[in-house]
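Undergrad: okay, sequence plus prediction incoming.
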Amino acid sequence: MKKKLANLEFLDYILDKIYKTMEMMMKKTLTTLASALVLTMAVSATAEARDGFYIAVRGGLTDYNLNSKDDKFSDTARMDFNSVWNISGALGYKYKYFRIEGEYTYRDDDEDDYKNSFGVVGSRSSLESDSFMANAYFDIMPNYWISPFVSGGIGLTRLDVTNQDVGAAKDSWSEDNFTWQLGAGLSLRINRCLNFDAGYRYVDMGEIDDADINGHEWYGGLRYTF
């Protein structure tokens, strides 16, 4: 009798081990399948993305840089402004891998201290800008859920700058400059018509009063193709 009980306990132990092993294998299999499904959804082709006219709304941050060309002691004296928000709207046309658009961008104003090459504060400046740009995009995988893209554009930027030297009156300048930009990013397809785009671009806004103005921009937004 005792021998039979011992055999039953041993059999129960073996069955329990087999059950736990199978349970662990099932969990690993399900995890692997779920990961594969997510990856497949991320990279697999879907129905062809719609071509046609689109509208886009974007927003993000701009980091202005002002490089003074009038510093007699150094050609690298500069102001790195704080990050300011930007907002833009665009109307464009998409065909296959390519997009072209007209875009208007407004950037908030910011103030910062100017230091010469000796680190001495000599003035305080503020900067505000808005741009009208003609942009072109190349979508590397437009019919996939996630597609990288590269972009470039040319246009005009309206710069408004004020400057006040220590112990002097405030000066202001406004100028319309030729502008160019280069960037890259990722586009996430929400459905055949709607995309979420996120990217980075470098913007060169030209010169004003012996200073070079440029910016680094990060943005995200929605694009709807009709």
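TA: Yep, it's here.
Undergrad: and the next helix or strand past the lowest-mean-pLDDT helix or strand in the chain?
TA: One helix or strand of the chain scores below all others by mean pLDDT, DSSP states H and E: helix 2-43, with a mean of 59. Next helix or strand after helix 2-43 toward the C-terminus (DSSP states H and E): strand 52-68.
Undergrad: and Gln109, what element?
TA: Slight slip there: residue 109 is Asp, not Gln. Going by DSSP H and E, Asp109 is in strand 98-115.
Undergrad: gap between Met141 and Tyr54?
TA: Taking Cβ to Cβ, to the nearest Å as the measure, Met141 and Tyr54 are separated by 18 Å. Where C-beta positions appear, they are placed from N, C-alpha and C, glycine not excepted.
Undergrad: got it, and Asn195?
TA: Taken as Cβ to Cβ, the span from Asn195 to Tyr54 is 9 Å.
Undergrad: ok, Leu159 next?
TA: As judged by Cβ to Cβ, Leu159 and Tyr54 stand 29 Å apart.
Undergrad: show me this protein divided up by domain.
TA: Domains of the chain are assigned by automatic domain parsing as 1-44, 52-225.
Undergrad: least reliable of those going by mean pLDDT?
TA: Among the domains of the chain, domain 1-44 carries the lowest mean pLDDT, a mean of 59.
Undergrad: and for Asn195 and Tyr54, which residues touch both?
TA: 223-225 (Cβ atoms under 8 Å, 6 or more residues apart in numbering).
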